[in-house]
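>>> Any chance you can model this:
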Amino acid sequence: MAEIDETARFDHKGLIREAYAMEGVGPGEARSIFLDWALSLPEAVAQREALSALYEQYGRAAPEHPMSAVLKEAMEADMEPKRRGGWRGRRQ
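Below is the predicted model of the structure:
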């Protein structure tokens, strides 16, 4: 039961769960669903923690699903900004 509660905390709209339940989801749809999920993630939830938990819950069980690839890619991406704004960013 704790696992379900944890998944609901990280996927409060059920977008990731529904993506895995849908038939015929392609890479484009998976990215679109992921973007909607990422934009609606509450500020109090750490994105890296949420990604890891959702991948453990769904991605490991369905590694061939396009959403698994999107989640894995997001976990591996460097989430830190590459360039600072203002004069510090131009002064390299």
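
>>> what about the longest helix in this protein?
As assigned by DSSP state H, the longest helix anywhere in the chain is helix 27-40.

>>> ok now that one, how far from the chain's centre?
8 Å (Cα atoms, centre = their mean, to the nearest Å).

>>> And it, what's buried?
30-31, 33-34, 37 (16 or more other Cβ atoms under 10 Å). Using the backbone N, CA and C atoms, a C-beta is placed for each residue, glycine as well.

>>> ok, and what's touching it?
11-13, 15-16, 18-19, 25, 47, 65-67, 69-71, 74 (Cβ atoms under 8 Å, 6 or more residues apart in numbering).

>>> Of these, just say which sits nearest to G59.
L71 (5.1 Å; Cβ to Cβ).

>>> sorry, back to before: name the next helix or strand downstream of the longest helix of the chain, please.
Per DSSP states H and E, the first helix or strand lying C-terminal to helix 27-40 is helix 47-54.

>>> quick one: that next one to helix 27-40, angle?
130 degrees (axes from the mean of the first three to the mean of the last three Cα atoms, to 10 degrees).

>>> in the chain, which helix or strand is least confident?
In the chain, the helix or strand scored least confidently by mean pLDDT, DSSP states H and E is helix 86-90, which has a mean of 65.

>>> Quick one: low-confidence residue ranges for the protein.
Low-confidence segments of the chain (pLDDT under 70): 1-6, 78-92.

>>> of the buried residues of helix 27-40, closest to Y55?
For the buried residues of helix 27-40, the nearest to Y55 is F34 (11.6 Å; Cβ to Cβ).

>>> Please render the buried residues of helix 27-40 as JSON lines that adds distance to S52 to the earlier fields.
Below are the buried residues of helix 27-40 laid out as JSON lines (distance: Cβ to Cβ, whole Å):
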{"residue": "A30", "distance to S52": "18"}
{"residue": "R31", "distance to S52": "19"}
{"residue": "I33", "distance to S52": "18"}
{"residue": "F34", "distance to S52": "14"}
{"residue": "W37", "distance to S52": "14"}
